[in-house]
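Visitor: Sequence plus the predicted model coming up.
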Amino acid sequence: MLGKLIKHEFNATARIFLPLYLIMLLLSLINRVMFSIDNLSKPLKTIRNFSIAMYVLSILAAIVVTFVIMILRFYRNLLSDEGYLMFTLPVKPSQHIISKLIVSMIWNIGTLAVVALSLLAMLGTRDNLESLKEILDGLLYGLRLGFGDKYGLVIAEYAILLLVGTVMQILMIYASIAIGHLFTEHRVIGSFAAYIGINTIVQMISTIIMLIWTNIELSMLNYSPYYSELNEWESSISILEAVPSKVFPFSIIFTIILSVVYYIVTNYIFKKKLNLN
Amino acid sequence: MSVILECNALSKRFGSTLALDNFSLRLERGKIVGLLGPNGSGKTTLIKIINGLLVPNAGGITIAGMAPGVETKRIVSYLPEKTYLPDWMKVSDTIRFFKDFYEDFDEKRAYDMLHRLNLDPSKRLKSLSKGTKEKVQLILVMSRRADLYCLDEPIGGVDPAARDYILNTIITNYDENATIIISTHLIADIENILDEAVFIKAGRLVLHAPVDEIREKEGKSIDTLFREVFRC
């Protein structure tokens, strides 16, 4: 049943995303052709500038649409009149949340991939690719300088953090919408208030954790009997070392815990507190 | 006779109002039951609880012996009073949707009914009038071979001609093991097809009896009795 929900969610959203992606790619190809012509006549120049502007707009549109559709699908499909259809299907409320989350993630990644692809299609000349490679090499060199042979771990952890971070953001919006649903009136305002409220609480918790942590680390340094400039140098190294061994792993775990909490809250409201208008 | 629906002292509170108040009811299979009461008497609340869209504050409910959940949703076919189909879908999309999720959905029956009511399956719901959308919904709901049908105000928005066809469809399509609950305040229109009447007032059960028995005992039609019981 989860598969069917995902399929239908995909159908309902693909009709918006696929044309948008197509337009973006077409514009990037037009630009590519325009760029390859050396001496553009004046009217052609105008057209080129116009199509560049349209391309930039299409990227912006894709980002905005990805975000808006994520919210709108969840709210409209589950908690407006369409909810009467969805919540009487023989599926669990949790499957609704997961299917929406998975499809949202797919479009998030999809938008990113298509933007990258269109940039590559538009600007991917040999020269540009070589400078891109140089930039990446420089980045890699910097990472290796900072983290030694742990640079691969840092990249992997960062990628995971981005991924779970996106999942967490989506689930946070879902939880906010679900909490807004608890109000009998002004549910949209309630959702915004819930979002701001959750954000504030999470900020407070993470600030407290940060403060405690840095205090512990600092006190450890201060108690060191050989406090000297050499130690300061070592401490900056230990901070760098803490990134793959402490900072990133902790952030990933914290993000996962938050995601689970948001999921549980949303699921509880759907199961016990549903009250469609 | 096996029981399809059993409500045991159900209560549902919204803020300070009691929508259902210690409501008990037992329905057997193979009946067409009118759930009759004025606006705000708790009809929709009861139907939503049967369909798992609301959780009662107190009391118990079972459908074919099961608490509301995935298993009961498989065997309950629900027509809400809302137009709940996504606007961007074509009529044929909605049929595919129902076929995908409900094993008991009879596609052929659905297309037959669409044809009979001159509805074009390739039309988008966006382009249909509210009454036509309600017809499509009723067709979808009645094309399932469910054990329990819950029809919330099924004839409110459609014209009298279609109303007759729809009522006819309801009677001819339901098999002897299924029970149909029809909630309405338009009693005169459906009185003839009812086996049993349930009167509900301010969230409380007022009366539950076979229609024939009521007519015999009271010597009046359900409609007349309704007007008396719910006199303002």
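Guide: Structure's in. What do you need?
Visitor: where in chain A is pLDDT low?
Guide: Counting by pLDDT under 70, chain A contains low-confidence ranges at A:220-238.
Visitor: What ranges does it have for its strands?
Guide: Counting by DSSP state E, one finds no strands in chain A.
Visitor: domain parsing for it?
Guide: Per automatic domain parsing, the structural domains of chain A span A:1-124, A:148-277.
Visitor: start to end distance for the last one?
Guide: By that I understand domain A:148-277. 58 Å (Cα to Cα, to the nearest Å).
Visitor: go on, the shortest one?
Guide: With Cα to Cα as the measure, the ends of domain A:1-124 fall 42 Å from one another.
Visitor: could you dump the domains of chain A to JSON lines with mean neighbour count?
Guide: C-beta coordinates here come from the backbone N, C-alpha and C atoms, glycine included. Below are the domains of chain A laid out as JSON lines (neighbours: other Cβ atoms under 10 Å in any protein chain shown):
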{"stretch": "domain A:1-124", "mean neighbour count": "17"}
{"stretch": "domain A:148-277", "mean neighbour count": "15"}
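Visitor: Tell me which of the ones you listed lies nearest to B:Asn192.
Guide: Ranking the domains of chain A by their distance to B:Asn192 (criterion: Cβ to Cβ) puts domain A:1-124 first, at 28.7 Å.
Visitor: With chain B in mind, check whether that closest one reaches it.
Guide: Yes. Applying Cβ under 8 Å from any Cβ of the partner chain, one finds domain A:1-124 touching chain B at A:1, A:4, A:7-8, A:12, A:15, A:77, A:81-85, A:87-92.
Visitor: so which of the domains of chain A comes closest to B:Gly156?
Guide: domain A:1-124 (15.4 Å).
Visitor: from the chain's centre, how far out does that closest one sit?
Guide: 14 Å (Cα atoms, centre = their mean, to the nearest Å).
Visitor: likewise stretch B:101-113?
Guide: 18 Å.
Visitor: got the buried residues for it?
Guide: Neighbour-count burial for stretch B:101-113 flags B:Phe101, B:Tyr102, B:Phe105, B:Asp106, B:Arg109, B:Ala110, B:Tyr111, B:Met113 (criterion: 16 or more other Cβ atoms under 10 Å in any protein chain shown).
Visitor: contacting residues around the residue of the stretch 151-277 of chain A found nearest chain B?
Guide: Chain B sits closest to A:Lys272 of the stretch 151-277 of chain A, with a gap of 5.3 Å, by Cβ to the nearest Cβ. A:Lys272 makes contact with B:Val55, according to Cβ atoms under 8 Å, 6 or more residues apart in numbering or on different chains.
Visitor: go on, B:Ser41?
Guide: By Cβ under 8 Å, 6+ apart, B:Ser41 lies in contact with B:Ile200, B:Lys201, B:Ala202, B:Gly203.
Visitor: those strands in chain B, which residues are they?
Guide: Along chain B, counting by DSSP E, strands occupy B:3-14, B:17-28, B:32-36, B:58-63, B:76-79, B:148-152, B:179-184, B:196-201, B:204-210.
Visitor: and those strands as TSV, adding distance to A:Ile170, mean neighbour count and mean pLDDT?
Guide: Output for the strands of chain B, formatted as TSV (distance: least, Cβ to Cβ, whole Å; neighbours: other Cβ atoms under 10 Å in any protein chain shown; pLDDT from 0 to 100):
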stretch	distance to A:Ile170	mean neighbour count	mean pLDDT
strand B:3-14	31	18	95
strand B:17-28	34	18	95
strand B:32-36	40	25	94
strand B:58-63	34	18	96
strand B:76-79	30	25	96
strand B:148-152	33	24	94
strand B:179-184	38	23	93
strand B:196-201	42	21	94
strand B:204-210	44	16	94
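Visitor: Taking the centroid of the chain, which residue is nearest it?
Guide: Reading this off chain A. With distances taken as Cα atoms, centre = their mean, chain A has A:Thr166 as the residue nearest its mean C-alpha position (3.5 Å).
Visitor: Sorry, I should have been clearer: chain B.
Guide: B:Leu151 (1.7 Å).
Visitor: was I right about that residue contacting B:Glu134?
Guide: No. At 11.0 Å, B:Leu151 does not count as touching B:Glu134 under the criterion of Cβ atoms under 8 Å.
Visitor: where does chain B come near chain A, residue by residue?
Guide: B:14-15, B:48, B:51-55, B:70-71, B:73-74, B:76, B:78, B:80, B:82-86, B:88, B:97, B:100-102.
Visitor: which of the residues you listed count as buried?
Guide: Among the residues of chain B next to chain A, those classed as buried by 16+ other Cβ under 10 Å are B:48, B:51-54, B:73-74, B:76, B:78, B:80, B:82-86, B:97, B:101-102.
Visitor: so what's residue 106 closest to, chain neighbours aside?
Guide: Using chain A. In this structure, A:Ile106 finds its nearest non-sequential neighbour in A:Phe10, 7.6 Å apart by Cβ to Cβ, 6 or more residues apart in numbering or on different chains.
Visitor: You answered for a different chain; I wanted chain B.
Guide: Closest residue in space to B:Asp106, ignoring its immediate chain neighbours: B:Ser143 at 5.1 Å, by Cβ to Cβ, 6+ apart.
Visitor: So which elements touch the worst-scoring helix or strand of chain B on mean pLDDT?
Guide: Here the helix or strand of chain B ranked lowest by mean pLDDT, DSSP states H and E is helix B:160-173, holding a mean of 76. The contact analysis (3 or more Cβ pairs under 8 Å, 6 or more residues apart in numbering or on different chains; DSSP states H and E) places helix B:160-173 against helix B:107-116, helix B:130-142, helix B:187-190.
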